[in-house]
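A.B. asks: Provide a 3D model corresponding to the input given below.
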Amino acid sequence: MHLPAFLSLKWKLLLPLTLAMAVGTLALTWINDTNLRNEVQQARFDSAARNEALLHFLIQQNERQLVDAGAALADFLIASRSGPPDLESGFALQSYWEQLSLNQGFEGLHLYDSDQRLQTGFGNAPAPDELMAARLTEVLTNERPASGLYCAERCLFYGMAPVLREGITAGVVVISMDLSSLLSTFGQSTGHDLAVAVDRQQTLHVLATTTPDIKATAGKADFAPYPQRPHLESALSRVDGKVYEWQKLKPLAAAPDTPYFIARKDVTDAEQAIGQAFLTNLATGLAVFIAAESVLLFSLAWLMRRMNRVSTGLPLLGEGRWGDARRHLRFRDRPPRDELSTLEEAALTLASQLEFLDTASRDQQNDLAKLVDTLSHERDFISGLLDTAQALILTLDRHGVIRMANHYVETLTGLTESQLIGQDYFRQMIAPQESRDWRSRLLVHFVEDPAPLRFEALLATPDGLRNITWVHSLIGQQSGSEPMILSVGLDLTELKSAQARASYLSDYDTLTGLYNRQGFQRRLAHALTELKSGALLLIDLDDFKAINDLAGHSAGDTMIQHVAERLRELKPVPKLAARLGGDEFVLFFEPLPDAQLLQTARFLCTGDHDRHLATACVGIAVVQPDDTTESLLGHADLALSQARAKGRSNWHLYNPADRTRESLLDRTEQLAVITGALHDNRLALFLQPVVAIQSGRTTHYEALLRVYLPDGRILPPAPLIAAAEASGLIREIDQWVLRNALALMADHPGLRLAVNLSGRSLDNPELPTLLHGMLQEQAIEPQRLILEITETATLNLAHAEILLTVIRDLGCKLALDDFGVGFSTFQYLKHLPVDYVKIDGSFIRTLDHSEDDRLFVKALVEAIHGYGKLAVAEYVETQAILQWVTELGVDYAQGYHFGRPQAADAVLALKPG
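C.D. replies: Numbering: from 1, shown residues only. Purely as a prediction, here's the structure:
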């Protein structure tokens, strides 16, 4: 059976209610009919009980009448004779019988002797069967009267009374009467027809009745006992269109074949009334049912029309048809309200709210579309930024599982993003020896502290281990979703390598592997603290510049390396060995015997017997109790000067009594002057213009250091700078110059300055960091600053190239100063990332009268331009020299012709703007 796809709610409500009402109506009709029939049945039971009681009363009345008559007759017989009774004499008995039959309607009178023989009798008498014999025996034995009903072919009531004579039972008087009087009296009292019947061989035999037809109809009754009184039975039968009620009334004493009474009454009218009452109840229930169904159907139809309007209007809201929806969603706010009124009102309210929300939503969609477009562009920008950034960018969940990785991570690890996602960050991105420690630290850190966590760790890549610095931040804490960890890593491998290289270069000479000046001085100070004794040998190679010029720098470098190897092979082995710069070496020995010390010095003075003899001069200084690093080096320097004065391959032992000690005192005084000036802020910057030759415009100024004495006099800077370089104070002076130059540029936007840096500053690996911090502090554009370095400061070409590249990456400009003298080589032009090359003034000031210098300068300018750099001429002091540098193609000029160095305040006061 297939149910319909749609069944109206009206029918879903109506059908169950109809079924319930139909069942209720039928149930009420059945209950009323049942109750009525039960009442009728109870009335019939009550009638049967009354009839039974009446019948028993009439039977007892007749039996008492017979017993009383028999007793009276027995008394009469006893009184009528004085002697023994003569039962054969029936004159007196006949006379008595006639009176009884006439007055009381008895049926018969009989007299039996003590042997139960009939002596005399009148009228009808019960047949002498076993029942009657038993009753006679009972009366004779008990000497008491007895009564009963006897039925054979007909039914008679009988009464027995003993006849006593002289205390002995002489016989029994039996008086009988028929049932006509009882039947007549019962019928008149109850309105029932009465019959006497007996069951013989399962067949009903009617023995006496008040109505002749009762015999014909009694056999059709199917008797059943009353539940309350089982000995009463009743039945209904239909005969010839009539309905009869039958009642089977038992006698007082029951015995086999005992007759019983059957009462019959015509109840046709009563049964018809019951049937009519049932039909009336059924018709009434049906009428009520139909009326209720009609009212219910009308009510449901009215409600469903209202509900249909709502159900029709609501889908229109989903289609955005607000006007059509309101036409269907009608609401009348009048009492009494019901649930549908609330629904209609809610639907109308919903329609208004949805229309408002739709309008707002459209506006929001327009705004959202614009926002999505903006976010799309931002997403593309961020995606591009993430993929082009030279940094490792990942997102992790709280368990350290990778959720996103940028292109640089793929490039560095050799894995695709799909291979990285879902991998454990600590296993994939941290070297095994470090992963366990950082896993616990990182995951526990964000449980306790949401602040970013920074650490460095090794990353294993196909190209080897990389040194990565990681910054981990917690993101997404405010979004309500699970927070993620943003991990950004910078590859510091090259920087670490450069820093390690720079750190090495700050203490070691790259050409020889020996300590450089800085590294030697630091370790010498430590050795003096420990030993308080020893000897210092300062070595200067003979004619090294000539060898360099004749055979080239490669030959000079080879000689330097060979000398360093000789120094390592010395016996005894020196505690410290260093190359101070150029062709100058130094050795420090623990205490030696004088003879062995002098033997070592003589050995160092002897050169190899090959093409280029490497002979040397040696200055020897023995450690004194109050010596410092500076004083010991000064003593050795004085001794070396004495050795040089003697000629090639000589040595000299420092003697405190030497007159050359005065120069040491001069240097000490100079160091005191520069230290005091730095402490008392008696340093100043003087500016000299640098002019673009083609335009004649001043493009920038060179900042030159000047030192004031307390009385205001200005000292020449050269000897003071030399003393500062020897003592290591030059770094502090360089920082003062840088800081004050940047302050000037901060006060004068557009001002560009060139600042000189010493070799000591270039040996400092922290210089780029220091410089970057100063630029940030003053908010200066880095390209406004030009840093000038000398050739002698860049003898370690590899170190200089790395350091200057880092500085140039900051945005600063670079200039190579004093080019053309010292150890000039075009290797510097090729490898050093400088923007300007300043030709030494010794070649410029003679251009107007020296053809050789003009040719040399021309070659330098062509080489400078060939490497893509700009040429600057120093010491341009006359118009003639200016004309020559212009003709030779120099780009910039600097010298007295354009202006002498002046105090910065004076220069900037005259500067336009």
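
A.B. asks: Show the contacting residues for the closest residue to T185 other than its chain neighbours.
C.D. replies: Spatial nearest neighbour of T185, excluding adjacent residues (C-beta to C-beta, 6 or more residues apart in numbering): L58 at 5.9 Å. The way it works is simple: take the backbone N, C-alpha and C, and place the C-beta from them, glycine included. Contacts for L58 were tallied using C-beta atoms under 8 Å, 6 or more residues apart in numbering; they are L182, T185, F186.

A.B. asks: Please tabulate those in JSON lines, including the columns distance to A779 and secondary structure.
C.D. replies: Formatted as JSON lines, the contacts of L58 follow (distance: C-beta to C-beta, whole Å; DSSP: H, G, I helix; E, B strand; the rest coil):
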{"residue": "L182", "distance to A779": "147", "secondary structure": "helix"}
{"residue": "T185", "distance to A779": "146", "secondary structure": "helix"}
{"residue": "F186", "distance to A779": "142", "secondary structure": "helix"}
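
A.B. asks: Out of those, which one has the lowest pLDDT?
C.D. replies: On pLDDT alone, L182 ranks lowest of those, at 80.

A.B. asks: Mind pulling up the pLDDT for the closest residue to that residue other than its chain neighbours?
C.D. replies: Spatially, and ignoring its direct neighbours in sequence, L182 is nearest to L58 (4.9 Å; C-beta to C-beta, 6+ apart). pLDDT, the model's per-residue confidence, is 83 for L58.

A.B. asks: what helix or strand does L58 sit in?
C.D. replies: Assigned by DSSP states H and E, L58 belongs to helix 9-79.

A.B. asks: filter the contacts of L58 to the buried ones?
C.D. replies: Those of those that meet the buried threshold are L182, T185, F186, by 16 or more other C-beta atoms under 10 Å.

A.B. asks: and which of those is nearest to T120?
C.D. replies: T120 has its nearest neighbour among the buried ones among the contacts of L58 in L182, at 27.3 Å by C-beta to C-beta.

A.B. asks: which residues in the stretch 301-450 of the chain form helices?
C.D. replies: Secondary structure of the stretch 301-450 of the chain (DSSP state H, counting those that start in this stretch): helices at 322-328, 339-388, 407-413, 417-420, 425-429, 432-448.

A.B. asks: what are the ranges of the strands in the stretch 101-250 of the chain?
C.D. replies: All strands of the stretch 101-250 of the chain, identified by DSSP state E, counting those that start in this stretch, fall at 108-113, 118-123, 146-151, 155-165, 168-178, 193-200, 203-209, 224-225, 233-239, 242-249.

A.B. asks: Let's have the ones you listed in a markdown table, adding distance to L368, mean pLDDT and mean neighbour count.
C.D. replies: Output for those, formatted as a markdown table (distance: least, C-beta to C-beta, whole Å; pLDDT from 0 to 100; neighbours: other C-beta atoms under 10 Å):
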| stretch | distance to L368 | mean pLDDT | mean neighbour count |
| --- | --- | --- | --- |
| strand 108-113 | 128 | 86 | 22 |
| strand 118-123 | 130 | 82 | 16 |
| strand 146-151 | 114 | 81 | 20 |
| strand 155-165 | 115 | 84 | 23 |
| strand 168-178 | 120 | 85 | 23 |
| strand 193-200 | 104 | 79 | 19 |
| strand 203-209 | 104 | 75 | 16 |
| strand 224-225 | 91 | 66 | 12 |
| strand 233-239 | 90 | 77 | 16 |
| strand 242-249 | 91 | 81 | 21 |
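
A.B. asks: who wins for proximity to L704 among the ones you listed?
C.D. replies: Here strand 224-225 is closest among the strands of the stretch 101-250 of the chain (C-beta to C-beta), at 148.8 Å.

A.B. asks: Which residue ranges of the stretch 751-900 of the chain form helices?
C.D. replies: 759-762, 767-778, 797-809, 826-831, 841-844, 851-866, 879-887.

A.B. asks: got the buried residues for the third one?
C.D. replies: Neighbour-count burial for helix 797-809, counted by 16+ other C-beta under 10 Å, picks out L797, H799, A800, E801, I802, L803, L804, V806, I807, R808.

A.B. asks: Quick check: F585 touching P574?
C.D. replies: No: between F585 and P574 there is no contact under C-beta atoms under 8 Å: 10.3 Å.

A.B. asks: okay, the two: which has more neighbours?
C.D. replies: F585 (27 against 21; other C-beta atoms under 10 Å).

A.B. asks: Contact partners for that one?
C.D. replies: Counting by C-beta under 8 Å, 6+ apart, F585 has contacts L514, L538, I539, D540, L541, V563, A564, L567, A577, A578, R579.

A.B. asks: any idea which of those residues is closest to V243?
C.D. replies: Scanning the contacts of F585 for proximity to V243, where the rule is C-beta to C-beta, the winner is L514, at 149.8 Å.

A.B. asks: my guess is that closest one contacts R566, does it?
C.D. replies: No: judged on C-beta under 8 Å, L514 makes no contact with R566 at a distance of 11.5 Å.

A.B. asks: out of these two, which sits in the more crowded spot?
C.D. replies: Between L514 and R566, L514 has the larger neighbour count (other C-beta under 10 Å), namely 23 against 15.

A.B. asks: Quick one: residues contacting the more buried one.
C.D. replies: By C-beta under 8 Å, 6+ apart, the contact list for L514 reads Y508, A564, L567, A577, A578, R579, F585.

A.B. asks: okay, now E862: neighbour count?
C.D. replies: Around E862 there are 12 other residues, counting by other C-beta under 10 Å.

A.B. asks: What pLDDT does the model give the closest residue to it other than its chain neighbours?
C.D. replies: Spatial nearest neighbour of E862, excluding adjacent residues (C-beta to C-beta, 6+ apart): G889 at 7.6 Å. Here the pLDDT value assigned to G889 is 94.

A.B. asks: Next up, the contacts around G889.
C.D. replies: Contacts of G889 (C-beta under 8 Å, 6+ apart): K858, V861, E862, H865, A871.

A.B. asks: so what's the fourth one up against?
C.D. replies: What it means is H865. So H865 contacts A871, G889 (C-beta under 8 Å, 6+ apart).

A.B. asks: doesn't T846 make contact with D853?
C.D. replies: Yes: contact criterion C-beta under 8 Å: D853 and T846 qualify, at 4.8 Å.

A.B. asks: so L537 is in which element?
C.D. replies: strand 535-541.

A.B. asks: now do S533
C.D. replies: Using DSSP H and E, S533 falls within no helix or strand.

A.B. asks: roughly how far apart are it and K575?
C.D. replies: 11 Å (C-beta to C-beta, to the nearest Å).

A.B. asks: Spit out the residues that contact those two alike.
C.D. replies: Listed as contacting both S533 and K575 by C-beta under 8 Å, 6+ apart are E590.

A.B. asks: Q428: neighbour count?
C.D. replies: Considering only other C-beta under 10 Å, Q428 is surrounded by 19 other residues.

A.B. asks: repeat for L720
C.D. replies: Counted with other C-beta under 10 Å, residues neighbouring L720 total 21.

A.B. asks: Who are the contact partners of the residue nearest to it when sequence neighbours are not counted?
C.D. replies: Residue nearest to L720 in three dimensions, not counting chain neighbours: I674, with 4.7 Å by C-beta to C-beta, 6+ apart. Listed by C-beta under 8 Å, 6+ apart, the contact partners of I674 are V707, L720, A723, A724, L729, I733.

A.B. asks: Could you identify the helix or strand that succeeds the helix or strand that contains I674?
C.D. replies: Using DSSP H and E, I674 maps to helix 661-679. Sequence-wise, the next helix or strand downstream of helix 661-679 (DSSP H and E) is strand 683-692.
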